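Asks: just coords:
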């Protein structure tokens with residue numbers, strides 16, 4: 001009989017082996033001894049509990065019978081290592097009495113007893129929970145790796161300096177850059193030059209530990225030099241109370257942006273027919289308001305009173321025609337906002353007299369703006385938005401009513417039932433609420449549609465469309481709530497600012513012009529009429545109907561200022577101004593146009609201005625005075 005079988009299994013369970021007792025007393029881990037046939041000779045209670053056996057059962061069991069199939073396949077290798085090296089360590093899987101699998105991490109050593117019997121003394125630790133956690137972690141890592149490697153969006157990590165610490169493989173597919181080409185590179189180097197400032201501001205704000213998840217749409221340069229539009233969602237990673245990095249998810253939205261632009265263009269083209277009909281209707285009414293009084297004023301027996309009355313009606317018709325033309329120009333050729341900090345309360349003080357005059361005596365107007373309140377906006381466009389909303393309210397209250405205007409700063413985390421406003425604290429929130437007739441659901445759905453109107457006496461249907469367009473151009477939001485008989489409320493959100501508010505410019509007093517003025521306009525009646533209005537003992541006026549004629553005339557007339565129509569039949573007004581300035585670099589130029597001509601903004605400087613046709617003589621005088629003051633500064 002082999003030496004290992006010389007010890008009784010029953011006696012072994014009650015062994016008084018000093019070393020074995022020492023091990024069992026000294027550790028909370030699992031201990032056992034087995035012979036080279038795998039028979040378990042001794043074990044402690046912790047080992048029995050791990051395997052869901054009592055100690056007596058465990059010490060009458062062969063170790064191989066407790067192993068899982070995979071572990072049993074390595075039994076011979078284990079014994080060979082023990083016999084050769086005298087030690088063995090590693091991981092082993094065992095099955096409990098209930099069939100569950102436990103994992104032990106063991107360190108075993110071969111000992112020879114005084115009687116020559118070979119035994120293996122083992123010290124183990126049940127690491128099942130740890131191994132299961134590691135397996136779950138590895139599975140999670142595999143899943144995460146699969147997601148990142150196969151994601152259609154770009155996933156990246158940006159450090160506190162704005163540099164790319166990591167970017168997913170989709171970057172090469174979407175932007176054409178090899179992985180090593182972007183490592184440690186500032187994201188701002190990839191952003192289109194026009195988007196860099198707002199992108200830097202976006203990520204600077206995102207560096208705050210309490211920054212919410214936010215989104216920005218920017219253009220990013222492709223490796224081939226083209227640009228792609230991406231919508232970037234950014235979330236801060238906070239460690240020890242500080243934002244250590246930013247995780248971004250960037251989705252290519254180029255096709256969507258192109259499609260939206262195409263749809264917008266298609267909608268504009270589809271609106272041309274309605275626009276033509278609207279313009280014809282409105283201007284026929286304007287002309288009809290002028291025609292009878294023009295006929296009366298030409299009669300030999302007309303009285304001075306009738307002439308004065310006719311002139312007044314003609315002037316009112318011109319104002320109406322100007323409003324129609326400007327609405328159309330603002331919608332079809334919108335100007336880019338000229339952003340400046342605006343103190344809302346000071347701005348309203350200047351606008352209030354005009355707005356109260358437009359509402360009349362039958363409408364009670366109340367206004368409440370918080371102090372302080374500042375908006376980053378184009379003052380003229382902001383005034384137009386409010387004017388259009390007030391005009392809409394006035395038409396909704398033909399018998400009078402109440403109109404309440406209020407404004408305050410949005411609050412962090414604030415939400416609204418009428419629409420989504422991300423990061424409300426970044427906006428000034430303005431409401432315009434009337435007690436008018438309200439809108440039905442079908443009308444409400446088309447409130448901001450161009451050329452849509454419910455006015456019985458006509459209208460272009462562009463007032464709310466222009467307001468919506470201007471608010472969107474400012475990066476803001478506009479919504480409307482309304483019910484029939486319960487009035488309407490417009491909710492406007494415009495970018496807030498905490499910058500020092502610049503003083504509002506003082507109104508320019510219209511004074512009569514003086515000096516030598518050259519009028520360049522291809523419409524003879526316009527040139528002739530302006531010349532008669534401007535010419536007096538201290539002001540000399542000359543008129544040219546083409547650009548070439550104006551340049552030739554300037555050589556002998558030597559004007560101080562030229563009023564130049566932008567659209568001329570031979571060369572445009574910008575080329576005329578360059579040729580005039582070649583002879584007199586200090587000549588003041590006032591561009592005039594019946595078109596919306598935002599391109600004139602590129603030419604405006606201290607010696608150059610712009611005025612929109614049609615204009616009254618007081619408006620022309622004010623523009624000339626402003627140009628004169630700028631040129632002297």
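Replies: Yep, that arrived. Because the structure is a prediction, the values reported are computed rather than measured. Numbering: from 1, shown residues only.
Asks: got the residue ranges for the strands in the stretch 501-633 of the chain?
Replies: Along the stretch 501-633 of the chain, counting by DSSP state E, counting those that start in this stretch, strands occupy 515-520, 539-544, 561-565, 588-593, 608-612.
Asks: partner strands of the third one, parallel or antiparallel?
Replies: Strands that pair with strand 561-565, judged by DSSP bridges, come out as strand 515-520 (parallel), strand 588-593 (parallel).
Asks: mind checking which of the strands of the stretch 501-633 of the chain is nearest residue 58?
Replies: When the strands of the stretch 501-633 of the chain are compared by CB to CB, strand 608-612 sits nearest residue 58, at 97.5 Å. Backbone N, C-alpha and C define where each C-beta goes, glycine included.
Asks: Pipe the strands paired with strand 561-565 into JSON lines and attach distance to residue 448, mean pLDDT and mean neighbour count per row.
Replies: Shown next, in JSON lines, are those (distance: least, CB to CB, whole Å; pLDDT from 0 to 100; neighbours: other CB atoms under 10 Å):
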{"stretch": "strand 515-520", "distance to residue 448": "39", "mean pLDDT": "91", "mean neighbour count": "22"}
{"stretch": "strand 588-593", "distance to residue 448": "27", "mean pLDDT": "88", "mean neighbour count": "23"}
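Asks: residue boundaries of the helices in the stretch 501-633 of the chain?
Replies: Secondary structure of the stretch 501-633 of the chain (DSSP state H, counting those that start in this stretch): helices located at 524-534, 547-557, 573-583, 617-632.
Asks: Out of the ones you listed, which is closest to residue 413?
Replies: With CB to CB as the measure, helix 617-632 is the member of the helices of the stretch 501-633 of the chain nearest residue 413 (44.6 Å).
Asks: Tell me which residues of that closest one come out buried.
Replies: Across helix 617-632, burial judged by 16 or more other CB atoms under 10 Å covers 620-625, 627-628, 631.
Asks: rewinding a little: looking at the strands of the stretch 501-633 of the chain, which is closest to residue 78?
Replies: Residue 78 sits nearest to strand 608-612 of all these, at 92.3 Å, using CB to CB.
Asks: Show me what that closest one is packed against.
Replies: Contact here means 3 or more CB pairs under 8 Å, 6 or more residues apart in numbering; DSSP states H and E; on that basis strand 608-612 packs against strand 588-593, helix 617-632.
Asks: Would you tell me which of the strands of the stretch 501-633 of the chain gets closest to residue 437?
Replies: Nearest of the strands of the stretch 501-633 of the chain (CB to CB): strand 608-612, 33.2 Å.
Asks: Low-confidence regions, the stretch 1-150 of the chain specifically.
Replies: 1-28 (pLDDT under 70).
Asks: if we can go back for a sec, dump the strands paired with strand 561-565 into JSON lines; add distance to residue 399 as well.
Replies: Output for the strands paired with strand 561-565, formatted as JSON lines (distance: least, CB to CB, whole Å):
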{"stretch": "strand 515-520", "distance to residue 399": "47"}
{"stretch": "strand 588-593", "distance to residue 399": "40"}
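Asks: Which among these is found nearest to residue 225?
Replies: Using CB to CB, the nearest of the strands paired with strand 561-565 to residue 225 is strand 588-593, at 35.8 Å.
Asks: That closest one: how far from the chain's middle?
Replies: Its chain's average C-alpha position is 37 Å from that of strand 588-593, according to CA atoms, centre = their mean, to the nearest Å.
Asks: domain assignment for the chain?
Replies: Annotated domains of the chain cover 3-127, 151-257, 271-317, 340-495, 515-632 [automatic domain parsing].
Asks: tell me the mean pLDDT over stretch 319-338?
Replies: Stretch 319-338 shows a mean pLDDT of 69.
Asks: same thing with stretch 471-480?
Replies: For stretch 471-480, mean pLDDT is 92.
Asks: just stretch 159-173 next, same as before
Replies: 87.
Asks: If we go by neighbour counts, what in it is buried?
Replies: Quick answer for stretch 159-173 (16+ other CB under 10 Å): 162-164, 166-168, 170-172.
Asks: so which of the strands paired with strand 561-565 gets nearest residue 580?
Replies: Among the strands paired with strand 561-565, if distance is taken as CB to CB, the winner is strand 588-593, at 7.0 Å.
Asks: ok so, going back, in JSON lines, list the buried residues of stretch 159-173 along with distance to residue 360 and secondary structure.
Replies: Output for those, formatted as JSON lines (distance: CB to CB, whole Å; DSSP: H, G, I helix; E, B strand; the rest coil):
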{"residue": "162", "distance to residue 360": "55", "secondary structure": "coil"}
{"residue": "163", "distance to residue 360": "61", "secondary structure": "strand"}
{"residue": "164", "distance to residue 360": "60", "secondary structure": "strand"}
{"residue": "166", "distance to residue 360": "64", "secondary structure": "strand"}
{"residue": "167", "distance to residue 360": "61", "secondary structure": "strand"}
{"residue": "168", "distance to residue 360": "62", "secondary structure": "coil"}
{"residue": "170", "distance to residue 360": "61", "secondary structure": "helix"}
{"residue": "171", "distance to residue 360": "61", "secondary structure": "helix"}
{"residue": "172", "distance to residue 360": "65", "secondary structure": "helix"}
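Asks: Would you reformat those residues as a markdown table and include distance to residue 183?
Replies: Below are these laid out as a markdown table (distance: CB to CB, whole Å):
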| residue | distance to residue 183 |
| --- | --- |
| 162 | 14 |
| 163 | 9 |
| 164 | 7 |
| 166 | 9 |
| 167 | 8 |
| 168 | 13 |
| 170 | 16 |
| 171 | 11 |
| 172 | 12 |
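Asks: Make sure I have this right: residue 108 is in a strand.
Replies: Yes. Counting by DSSP: H, G, I helix; E, B strand; the rest coil, residue 108 is found in a strand.
Asks: Contacts only, for it.
Replies: 82, 87-89, 120-123 (CB atoms under 8 Å, 6 or more residues apart in numbering).
Asks: re the thing from before, I'd like the helices of the stretch 501-633 of the chain laid out as a markdown table, including distance to residue 226 and mean pLDDT.
Replies: Converted to a markdown table, the helices of the stretch 501-633 of the chain look like this (distance: least, CB to CB, whole Å; pLDDT from 0 to 100):
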| stretch | distance to residue 226 | mean pLDDT |
| --- | --- | --- |
| helix 524-534 | 46 | 85 |
| helix 547-557 | 39 | 92 |
| helix 573-583 | 31 | 90 |
| helix 617-632 | 41 | 82 |
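Asks: That'll do, ta.
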